[in-house]
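Engineer: Predicted model, plus sequence, below.
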Amino acid sequence: MRIAVIGQAAFGKSVVQSLCDAGEDIVGVYCPIDGESGQIDPIKEEALSRGIPVFQFKRMRDDAAIDSFLELDPDLCVMAFVTDFVPDSILQAPELGTIQYHPSLLPLHRGPSSINWPIINGESKTGISIFWPDDGLDTGPILMQKTVLIGPDDTVGSLYYEKLYPLGVQAMTESVALIRQGLAPKNPQDHDLASYESWCGRKDGQINWENSGSEIYNRIRGCDPRPGASTRLGDKEIFLFDASFVDQVHDCPGGTLIGIDDGLDVAVNGGLIRIATVRFDGIRRSAGIWAKDHGMSIGDRLR
(Lines give C-alpha, C1' and ligand atoms only; values in the text may rest on other atoms or scores of the structure.)
Protein backbone atom coordinates (compact mmCIF):
# COMPACT_ATOMS: atom_id res chain seq x y z
CA MET A 1 0.00 0.00 0.00
CA ARG A 2 1.05 3.55 -0.73
CA ILE A 3 0.40 5.40 2.54
CA ALA A 4 0.20 9.16 3.11
CA VAL A 5 0.45 10.39 6.70
CA ILE A 6 -1.05 13.68 7.86
CA GLY A 7 0.14 14.60 11.33
CA GLN A 8 2.40 16.54 13.62
CA ALA A 9 4.36 16.58 16.85
CA ALA A 10 5.81 13.63 18.75
CA PHE A 11 2.76 11.42 18.21
CA GLY A 12 2.92 11.85 14.45
CA LYS A 13 6.63 11.10 14.52
CA SER A 14 6.04 7.90 16.50
CA VAL A 15 3.36 6.74 14.07
CA VAL A 16 5.72 7.23 11.13
CA GLN A 17 8.45 5.34 13.00
CA SER A 18 6.14 2.47 13.87
CA LEU A 19 4.70 2.11 10.37
CA CYS A 20 8.13 2.20 8.76
CA ASP A 21 9.49 -0.34 11.25
CA ALA A 22 6.54 -2.58 10.37
CA GLY A 23 7.57 -2.44 6.71
CA GLU A 24 4.78 -0.16 5.49
CA ASP A 25 5.41 2.11 2.49
CA ILE A 26 4.91 5.78 3.41
CA VAL A 27 5.05 7.82 0.21
CA GLY A 28 4.48 11.24 1.75
CA VAL A 29 4.06 13.11 5.02
CA TYR A 30 1.93 16.24 5.38
CA CYS A 31 2.60 18.47 8.38
CA PRO A 32 2.25 22.12 9.43
CA ILE A 33 4.61 24.71 8.03
CA ASP A 34 7.73 25.49 10.06
CA GLY A 35 7.33 28.03 12.86
CA GLU A 36 8.69 31.54 12.64
CA SER A 37 11.67 30.49 14.73
CA GLY A 38 12.50 27.87 12.11
CA GLN A 39 11.80 25.00 14.47
CA ILE A 40 11.06 21.82 12.54
CA ASP A 41 8.18 19.59 13.57
CA PRO A 42 9.30 16.16 14.87
CA ILE A 43 7.29 14.33 12.22
CA LYS A 44 9.10 16.28 9.51
CA GLU A 45 12.49 15.42 11.00
CA GLU A 46 11.55 11.74 11.10
CA ALA A 47 10.27 11.70 7.53
CA LEU A 48 13.35 13.45 6.14
CA SER A 49 15.66 11.10 8.04
CA ARG A 50 13.95 8.19 6.26
CA GLY A 51 13.91 9.82 2.83
CA ILE A 52 10.13 10.31 2.86
CA PRO A 53 8.87 13.35 0.90
CA VAL A 54 7.42 16.08 3.13
CA PHE A 55 4.62 18.44 2.09
CA GLN A 56 3.75 21.52 4.11
CA PHE A 57 0.76 23.79 3.64
CA LYS A 58 -0.81 26.42 5.84
CA ARG A 59 -4.18 24.74 5.44
CA MET A 60 -5.00 21.29 4.12
CA ARG A 61 -8.17 22.66 2.53
CA ASP A 62 -6.18 24.97 0.27
CA ASP A 63 -6.29 24.05 -3.41
CA ALA A 64 -2.51 23.55 -3.53
CA ALA A 65 -2.65 21.02 -0.68
CA ILE A 66 -5.54 19.12 -2.26
CA ASP A 67 -3.84 19.04 -5.66
CA SER A 68 -0.62 17.80 -4.09
CA PHE A 69 -2.42 15.01 -2.27
CA LEU A 70 -4.32 13.90 -5.36
CA GLU A 71 -1.11 13.88 -7.39
CA LEU A 72 0.59 11.72 -4.73
CA ASP A 73 -2.23 9.18 -5.25
CA PRO A 74 -1.93 7.18 -2.00
CA ASP A 75 -3.92 4.00 -1.41
CA LEU A 76 -4.49 4.91 2.25
CA CYS A 77 -4.34 8.08 4.34
CA VAL A 78 -3.37 7.93 8.03
CA MET A 79 -4.20 10.94 10.21
CA ALA A 80 -1.97 11.03 13.28
CA PHE A 81 -2.71 14.03 15.53
CA VAL A 82 -4.39 16.45 13.14
CA THR A 83 -5.82 19.76 14.35
CA ASP A 84 -6.41 21.27 10.91
CA PHE A 85 -9.63 20.75 8.94
CA VAL A 86 -9.02 18.10 6.27
CA PRO A 87 -11.55 18.34 3.42
CA ASP A 88 -13.62 15.46 2.12
CA SER A 89 -11.79 15.70 -1.21
CA ILE A 90 -8.69 14.40 0.62
CA LEU A 91 -10.41 12.01 3.01
CA GLN A 92 -12.21 10.13 0.25
CA ALA A 93 -9.44 10.22 -2.37
CA PRO A 94 -7.46 7.09 -1.37
CA GLU A 95 -8.94 3.85 -2.67
CA LEU A 96 -8.73 2.29 0.81
CA GLY A 97 -9.94 5.41 2.59
CA THR A 98 -8.62 7.40 5.54
CA ILE A 99 -8.21 6.45 9.20
CA GLN A 100 -7.77 8.75 12.18
CA TYR A 101 -6.70 8.50 15.83
CA HIS A 102 -8.86 9.97 18.57
CA PRO A 103 -8.01 9.74 22.30
CA SER A 104 -11.40 8.67 23.65
CA LEU A 105 -13.85 5.81 23.37
CA LEU A 106 -16.05 7.26 20.63
CA PRO A 107 -18.84 8.24 20.52
CA LEU A 108 -17.96 9.55 23.99
CA HIS A 109 -15.95 12.76 24.24
CA ARG A 110 -15.91 13.88 20.65
CA GLY A 111 -14.04 17.13 20.21
CA PRO A 112 -10.62 18.65 20.80
CA SER A 113 -10.19 18.17 24.57
CA SER A 114 -11.17 14.53 24.85
CA ILE A 115 -8.46 13.74 27.42
CA ASN A 116 -9.34 16.55 29.84
CA TRP A 117 -13.04 15.90 30.26
CA PRO A 118 -13.09 12.25 31.39
CA ILE A 119 -10.76 13.23 34.25
CA ILE A 120 -12.74 16.37 35.12
CA ASN A 121 -15.93 14.31 35.10
CA GLY A 122 -14.44 11.76 37.50
CA GLU A 123 -14.65 8.84 35.06
CA SER A 124 -12.71 5.67 35.75
CA LYS A 125 -11.85 4.68 32.18
CA THR A 126 -11.29 6.07 28.72
CA GLY A 127 -9.34 4.86 25.71
CA ILE A 128 -8.48 5.41 22.08
CA SER A 129 -10.39 4.99 18.85
CA ILE A 130 -9.14 4.45 15.33
CA PHE A 131 -11.98 5.47 13.06
CA TRP A 132 -12.86 6.28 9.46
CA PRO A 133 -13.47 10.06 9.40
CA ASP A 134 -16.47 11.40 7.51
CA ASP A 135 -17.92 14.89 7.11
CA GLY A 136 -18.89 15.10 10.81
CA LEU A 137 -16.72 15.81 13.84
CA ASP A 138 -15.38 12.47 15.11
CA THR A 139 -18.54 10.75 13.86
CA GLY A 140 -17.20 8.15 11.41
CA PRO A 141 -17.32 4.35 11.75
CA ILE A 142 -14.99 2.65 14.23
CA LEU A 143 -12.14 0.42 13.07
CA MET A 144 -10.56 -0.33 16.46
CA GLN A 145 -10.83 0.71 20.11
CA LYS A 146 -8.67 0.06 23.16
CA THR A 147 -9.59 0.86 26.77
CA VAL A 148 -7.41 2.19 29.61
CA LEU A 149 -8.15 2.86 33.25
CA ILE A 150 -7.92 6.39 34.61
CA GLY A 151 -5.91 6.14 37.81
CA PRO A 152 -7.00 8.17 40.86
CA ASP A 153 -3.93 10.38 40.50
CA ASP A 154 -3.73 10.53 36.70
CA THR A 155 -3.41 13.95 35.09
CA VAL A 156 -3.92 14.86 31.45
CA GLY A 157 -0.14 14.55 31.04
CA SER A 158 0.24 11.12 32.64
CA LEU A 159 -2.88 9.71 30.99
CA TYR A 160 -1.74 10.79 27.55
CA TYR A 161 1.98 10.12 27.61
CA GLU A 162 1.94 6.93 29.67
CA LYS A 163 -1.23 5.32 28.30
CA LEU A 164 -3.08 6.89 25.36
CA TYR A 165 0.00 7.87 23.35
CA PRO A 166 1.75 4.46 23.19
CA LEU A 167 -1.57 2.63 22.85
CA GLY A 168 -2.56 4.91 19.98
CA VAL A 169 0.68 4.31 18.08
CA GLN A 170 0.27 0.56 18.51
CA ALA A 171 -3.38 0.69 17.39
CA MET A 172 -2.53 2.75 14.32
CA THR A 173 0.01 0.17 13.19
CA GLU A 174 -2.36 -2.72 13.90
CA SER A 175 -5.15 -0.95 12.01
CA VAL A 176 -3.01 -0.43 8.91
CA ALA A 177 -2.13 -4.14 8.96
CA LEU A 178 -5.83 -5.05 9.12
CA ILE A 179 -6.56 -2.77 6.16
CA ARG A 180 -3.76 -4.33 4.15
CA GLN A 181 -5.23 -7.78 4.90
CA GLY A 182 -8.75 -6.66 3.97
CA LEU A 183 -9.98 -7.33 7.53
CA ALA A 184 -10.61 -3.81 8.86
CA PRO A 185 -14.17 -3.30 10.15
CA LYS A 186 -16.34 -0.20 9.81
CA ASN A 187 -18.62 -0.31 12.83
CA PRO A 188 -21.11 2.61 12.94
CA GLN A 189 -21.07 4.76 16.06
CA ASP A 190 -24.19 4.90 18.21
CA HIS A 191 -24.89 8.60 17.90
CA ASP A 192 -27.53 8.43 20.66
CA LEU A 193 -24.69 7.82 23.13
CA ALA A 194 -22.49 10.62 21.82
CA SER A 195 -21.05 13.41 23.92
CA TYR A 196 -19.15 16.43 22.66
CA GLU A 197 -17.00 18.92 24.52
CA SER A 198 -15.21 21.86 22.99
CA TRP A 199 -11.77 23.10 24.01
CA CYS A 200 -11.10 22.89 27.74
CA GLY A 201 -10.22 26.52 28.28
CA ARG A 202 -9.24 28.88 31.01
CA LYS A 203 -12.79 29.35 32.31
CA ASP A 204 -13.25 25.59 32.57
CA GLY A 205 -10.31 25.45 34.96
CA GLN A 206 -11.70 27.93 37.48
CA ILE A 207 -12.13 26.30 40.88
CA ASN A 208 -15.20 26.69 43.07
CA TRP A 209 -14.04 25.87 46.58
CA GLU A 210 -17.64 25.22 47.66
CA ASN A 211 -17.67 22.05 45.55
CA SER A 212 -16.76 18.63 46.91
CA GLY A 213 -13.10 17.84 47.41
CA SER A 214 -13.18 15.09 44.77
CA GLU A 215 -14.74 17.42 42.20
CA ILE A 216 -12.07 20.07 42.82
CA TYR A 217 -9.30 17.49 42.70
CA ASN A 218 -10.60 16.07 39.41
CA ARG A 219 -10.71 19.55 37.90
CA ILE A 220 -7.11 20.23 38.88
CA ARG A 221 -5.97 16.88 37.44
CA GLY A 222 -8.06 17.35 34.32
CA CYS A 223 -6.42 20.71 33.60
CA ASP A 224 -2.83 19.63 34.30
CA PRO A 225 -0.71 20.62 32.39
CA ARG A 226 -3.13 22.61 30.18
CA PRO A 227 -5.02 24.88 30.57
CA GLY A 228 -4.28 24.81 34.30
CA ALA A 229 -6.85 24.98 37.10
CA SER A 230 -6.97 28.44 38.62
CA THR A 231 -7.98 30.19 41.81
CA ARG A 232 -7.52 33.64 43.30
CA LEU A 233 -5.97 35.13 46.39
CA GLY A 234 -7.22 38.69 46.45
CA ASP A 235 -6.53 40.04 42.97
CA LYS A 236 -3.88 37.40 42.20
CA GLU A 237 -4.74 34.56 39.83
CA ILE A 238 -2.84 31.37 40.57
CA PHE A 239 -2.72 28.15 38.51
CA LEU A 240 -2.37 24.89 40.42
CA PHE A 241 -0.47 21.75 39.36
CA ASP A 242 0.95 18.49 40.72
CA ALA A 243 -1.87 17.99 43.19
CA SER A 244 -2.62 15.11 45.54
CA PHE A 245 -5.68 14.42 47.66
CA VAL A 246 -5.42 13.60 51.37
CA ASP A 247 -8.24 12.35 53.60
CA GLN A 248 -8.12 14.54 56.67
CA VAL A 249 -10.74 15.72 59.13
CA HIS A 250 -10.93 19.49 59.62
CA ASP A 251 -13.53 22.20 60.14
CA CYS A 252 -12.09 24.84 57.79
CA PRO A 253 -14.05 26.35 54.88
CA GLY A 254 -13.05 25.19 51.41
CA GLY A 255 -10.07 27.07 50.01
CA THR A 256 -8.46 27.76 53.40
CA LEU A 257 -4.68 27.31 53.59
CA ILE A 258 -4.02 24.88 56.45
CA GLY A 259 -0.40 24.05 55.68
CA ILE A 260 2.58 25.72 54.00
CA ASP A 261 5.91 23.92 53.65
CA ASP A 262 7.29 22.57 50.37
CA GLY A 263 3.75 22.81 49.03
CA LEU A 264 0.36 24.21 49.94
CA ASP A 265 -2.29 22.27 51.86
CA VAL A 266 -5.73 23.60 50.98
CA ALA A 267 -8.88 22.59 52.84
CA VAL A 268 -11.71 21.08 50.79
CA ASN A 269 -14.91 19.30 51.66
CA GLY A 270 -13.83 15.80 52.70
CA GLY A 271 -10.11 16.37 53.10
CA LEU A 272 -7.31 18.53 51.81
CA ILE A 273 -5.55 19.01 48.51
CA ARG A 274 -1.78 19.36 48.50
CA ILE A 275 -0.45 21.57 45.71
CA ALA A 276 3.20 21.09 44.78
CA THR A 277 3.52 23.57 41.91
CA VAL A 278 1.91 26.87 40.95
CA ARG A 279 2.08 29.13 37.93
CA PHE A 280 1.96 32.85 38.57
CA ASP A 281 2.66 35.61 36.04
CA GLY A 282 3.52 32.87 33.54
CA ILE A 283 6.24 31.31 35.74
CA ARG A 284 6.00 27.85 37.33
CA ARG A 285 7.46 27.53 40.82
CA SER A 286 7.36 25.40 43.93
CA ALA A 287 4.05 26.21 45.61
CA GLY A 288 5.57 26.49 49.07
CA ILE A 289 8.37 28.81 48.02
CA TRP A 290 5.96 30.96 46.02
CA ALA A 291 3.58 31.23 49.00
CA LYS A 292 6.35 32.32 51.37
CA ASP A 293 7.71 34.85 48.88
CA HIS A 294 4.25 36.40 48.56
CA GLY A 295 3.56 36.60 52.28
CA MET A 296 0.85 33.97 52.44
CA SER A 297 0.08 32.43 55.81
CA ILE A 298 -2.07 29.75 57.45
CA GLY A 299 -5.72 30.80 57.44
CA ASP A 300 -5.58 32.75 54.16
CA ARG A 301 -8.39 31.70 51.88
CA LEU A 302 -8.36 31.12 48.14
CA ARG A 303 -11.42 32.20 46.20
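Structural biologist: Done, it's in.
Engineer: for the stretch 1-150 of the chain, what spans make up the strands?
Structural biologist: With strands called from DSSP state E, counting those that start in this stretch, the stretch 1-150 of the chain shows them at 2-7, 25-31, 54-56, 76-80, 98-102, 125-131, 142-149.
Engineer: Can you lay out the ones you listed as a markdown table showing mean neighbour count and distance to residue 202?
Structural biologist: Yep, even glycine has a C-beta here, placed from its N, CA and C like the rest. Converted to a markdown table, those look like this (neighbours: other C-beta atoms under 10 Å; distance: least, C-beta to C-beta, whole Å):
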| stretch | mean neighbour count | distance to residue 202 |
| --- | --- | --- |
| strand 2-7 | 24 | 27 |
| strand 25-31 | 23 | 28 |
| strand 54-56 | 16 | 30 |
| strand 76-80 | 26 | 28 |
| strand 98-102 | 24 | 24 |
| strand 125-131 | 23 | 23 |
| strand 142-149 | 16 | 27 |
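Engineer: Grab the nearest non-local neighbour of residue 128.
Structural biologist: residue 168 (4.7 Å; C-beta to C-beta, 6 or more residues apart in numbering).
Engineer: for that neighbour, what are its contacts?
Structural biologist: Residues near residue 168 by C-beta atoms under 8 Å, 6 or more residues apart in numbering: 11, 101, 103, 128.
Engineer: where does it land in three-state SS?
Structural biologist: With DSSP: H, G, I helix; E, B strand; the rest coil as the basis, residue 168 sits in helix.
Engineer: hang on, the earlier thing: right, and out of the contacts of residue 168, which lies closest to residue 63?
Structural biologist: For these, the closest approach to residue 63 (C-beta to C-beta) belongs to residue 101, at 26.6 Å.
Engineer: Return the distance of stretch 229-244 from the chain's centre.
Structural biologist: 22 Å (C-alpha atoms, centre = their mean, to the nearest Å).
Engineer: Compute the first-to-last residue distance for it.
Structural biologist: From its first residue to its last, stretch 229-244 covers 14 Å (C-alpha to C-alpha, to the nearest Å).
Engineer: Give me the contact list for it.
Structural biologist: Stretch 229-244 has contacts (C-beta under 8 Å, 6+ apart) with 153, 202, 205-207, 209, 217, 219-225, 228, 255, 273-280, 284, 287, 294, 296, 300-303.
Engineer: From these, list just the buried residues.
Structural biologist: Neighbour counting with 16 or more other C-beta atoms under 10 Å marks 205, 207, 209, 217, 219-224, 228, 255, 273-275, 277-280, 287, 296, 300, 302 as buried within these.
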